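*Asks:* Here you go, sequence then predicted model.
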Amino acid sequence: MAEEQEEKHGEFERSPVPESKTLGFKAFIGMYAGEHCAGTELMIGPLFVAAGVSAFDVVVGLLFGNLLAVLSWMFLCAPIAVRARLTLYYQLEKICGRYLVTLYNIVNGVMFCFLAGSMITVSATALGVWFDFPMPSLTDIYPNSFGWVLAVLGVGVVISIVAAWGYDMVARIANIAAPWMVLVFLAFGIVGFRQFIEVTGADVNSLGSLWELCKTAVWKGGEALPGQVKFTFWHVTFFAWFANMAMHVGMSDLSVLRFAKKSWCGAASASGMYVGHFMAWLAASVLYSLQLHMDPSNTDVLPGPLAYRAAGIAGLICVIIAGWTTANPTIYRAGLAFQAIMPKQSRFAVTIGTGLLATVAGMFPGIAMKLLGFVALYGMLLMPMGAVIFTDFWVFPKLGLKQYYAEHKSLKINWAAGAAWIVTMIVCYSLYKLGIMEIYFVSLPGWFLASALYIAISKFQQNGEMA
């Protein structure tokens with residue numbers, strides 16, 4: 001039954017994707033642009049301003065950090081994806097064993113649901129403008145109105161149905177929506193700067209004078225708003241690099257890039273990084289900075305009202321669709337995580353259930369309002385298993401160690417992988433909680449720690465069993 005469903009839906013959850021089902025570069029450009037030029041950009045951009053970032057730090061930091069992210073997709077994730085052509089979850093099962101990967105899939109799936117929930121939250125703020133119900137503030141954690149709950153529910157159900165139809169449907173929606181959304185986000189930035197010039201009376205007639213406006217009015221630096229972490233160049237760089245750590249360094253996009261014809265399709269991620277995580281973040285931060293300039297007491301980060309003030313109805317439609325195109329592949333990935341736990345259940349049904357869980361999460365605005373910290377924490381939790389996959393695939397053959405050890409020995413738990421994951425998480429979280437390193441930075445040394453632990457424990461494990 002499971003094999004028949006794989007052939008019917010073309011998802012190949014527990015077998016390599018055949019060459020005949022692979023996709024070209026164009027499909028991934030649309031998917032990455034649609035996923036990363038999205039409604040959450042209207043959350044993240046404003047949060048940079050709330051963090052007191054300066055013009056140089058945000059512009060140059062995003063240029064450099066996004067380059068590191070693209071290189072991570074190209075050289076860490078994509079080469080393994082096109083060689084193994086397995087989902088993240090099935091590949092981990094072969095390395096870690098059924099029981100350990102079940103625990104990982106639960107953590108991964110739940111975190112994906114929270115992330116998708118924040119995207120549904122973003123779309124719902126656009127409905128709040130249309131239907132005029134109370135919406136959450138920057139400090140709200142729980143739902144604050146019945147209208148808010150209904151809006152999130154309506155958006156979440158539609159998104160879940162699209163995601164359940166599979167990757168082809170997700171890619172098709174992204175390709176249709178992405179070009180239009182890019183233009184609207186560009187319009188946000190242009191309109192925001194024009195309005196800034198009008199209200200400040202600045203004389204902007206060259207790139208130099210525009211940069212002066214950026215430094216003195218848009219991204220002024222200074223103190224962060226209450227409850228926010230002060231951002232520097234390194235905060236911006238590492239956030240841009242690790243905002244999608246779970247996908248590239250953590251290898252979650254093995255599930256997506258296994259459909260790529262060639263590994264260089266990983267370069268398609270640049271369409272998302274520089275259109276979404278550069279242009280859209282900056283455009284959204286301009287809108288929020290303008291809001292603070294007009295009314296310093298209005299610190300609410302609500303994508304719907306921000307977009308409406310800049311582009312009217314087109315802005316609201318953009319927020320709804322942008323949240324949709326981002327949540328679609330996120331729910332798709334979460335569905336694959338849960339479906340790997342329940343392989344006898346249809347992926348369609350599991351994805352619908354996953355979408356409903358994400359919808360419930362979206363009703364709690366606290367996730368979206370703390371999105372910078374949540375994204376960093378999410379990457380930290382999943383990063384060690386990405387290091388395990390990388391090491392198992394590339395390093396083990398050079399050291400004479402057995403790849404896919406759990407499959408080879410019919411293990412339910414590969415304790416080497418489990419120890420590398422859990423110990424790394426404990427160490428990284430301890431460094432953060434003790435104030436030694438901020439959450440945005442701990443994952444880089446954590447990756448090397450996880451790799452070293454996995455190699456050391458595996459050598460002891462495998463040499464001991466061969467003795």
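*Replies:* Perfect, thanks for sending it.
*Asks:* My read is that Val53 contacts Gly221, right?
*Replies:* Yes. Val53 is in contact with Gly221 according to CB atoms under 8 Å; the separation is 6.9 Å. Every C-beta, even on glycine, is put in place using the N, C-alpha and C of the backbone.
*Asks:* Helix, strand or coil: sort out Ser297 for me.
*Replies:* Using DSSP: H, G, I helix; E, B strand; the rest coil as the criterion, the local structure at Ser297 reads coil.
*Asks:* shaky segments in this protein?
*Replies:* Where the chain drops to pLDDT under 70, the residues are 1-11, 39, 166-175, 177-178, 465-467.
*Asks:* Would you mind telling me which of Val53 and Gly221 has the busier surroundings?
*Replies:* For Val53 and Gly221, the more surrounded residue by other CB atoms under 10 Å is Val53, and the numbers stand at 26 against 16.
*Asks:* Can you name the residues that contact the residue nearest to the more buried one when sequence neighbours are not counted?
*Replies:* Computed as CB to CB, 6 or more residues apart in numbering, the closest residue to Val53 that is not its neighbour in sequence is Phe231, at 4.4 Å. Under the criterion of CB atoms under 8 Å, 6 or more residues apart in numbering, the contact list for Phe231 reads Phe48, Ala51, Gly52, Val53, Asp57, Val58, Ala224, Phe239.
*Asks:* Isn't the second one up against Ala224?
*Replies:* Yes. Contact status for Ala51 versus Ala224: in contact at 4.8 Å, counting by CB under 8 Å.
*Asks:* And the helices in the stretch 251-400 of the chain, which stretches?
*Replies:* Shown for the stretch 251-400 of the chain, the helices assigned by DSSP state H, counting those that start in this stretch span residues 254-257, 269-274, 281-294, 303-341, 347-362, 366-369, 371-390, 396-399.
*Asks:* Could you name the helices and strands sitting against the last one?
*Replies:* It refers to helix 396-399. Helix 396-399 sits against helix 443-466, with contacts defined as 3 or more CB pairs under 8 Å, 6 or more residues apart in numbering; DSSP states H and E.
*Asks:* Give me the distance from the helix it packs on to the chain's centre.
*Replies:* On the basis of CA atoms, centre = their mean, to the nearest Å, the separation between the geometric centre of helix 443-466 and that of its chain is 27 Å.
*Asks:* Please report how far Thr125 lies from Tyr308.
*Replies:* Using CB to CB, to the nearest Å, one gets 10 Å for the distance from Thr125 to Tyr308.
*Asks:* Next: Pro397.
*Replies:* Separation of Pro397 from Tyr308 (CB to CB) stands at 56 Å.
*Asks:* Trp73 too?
*Replies:* Per CB to CB, Trp73 is found 34 Å from Tyr308.
*Asks:* Please apply the same query to Ala450.
*Replies:* Separation of Ala450 from Tyr308 (CB to CB): 44 Å.
*Asks:* Which of those two has more residues huddled nearby?
*Replies:* Neighbours of Ala450 and Tyr308, each counted by other CB under 10 Å, are more numerous for Ala450; the result is 28 against 20.
*Asks:* got the contact list for that one?
*Replies:* Going by CB under 8 Å, 6+ apart, the list of residues near Ala450 reads Met383, Pro384, Met385, Ala387, Val388, Ala420, Trp421, Thr424.
*Asks:* Also Glu35?
*Replies:* Ala174, Gly272, Gly276, Thr325, Thr326, Asn328, Pro329, Thr330.
*Asks:* Out of those, which is nearest to Val256?
*Replies:* The shortest gap between Val256 and any of the contacts of Glu35 belongs to Pro329, at 7.1 Å (CB to CB).
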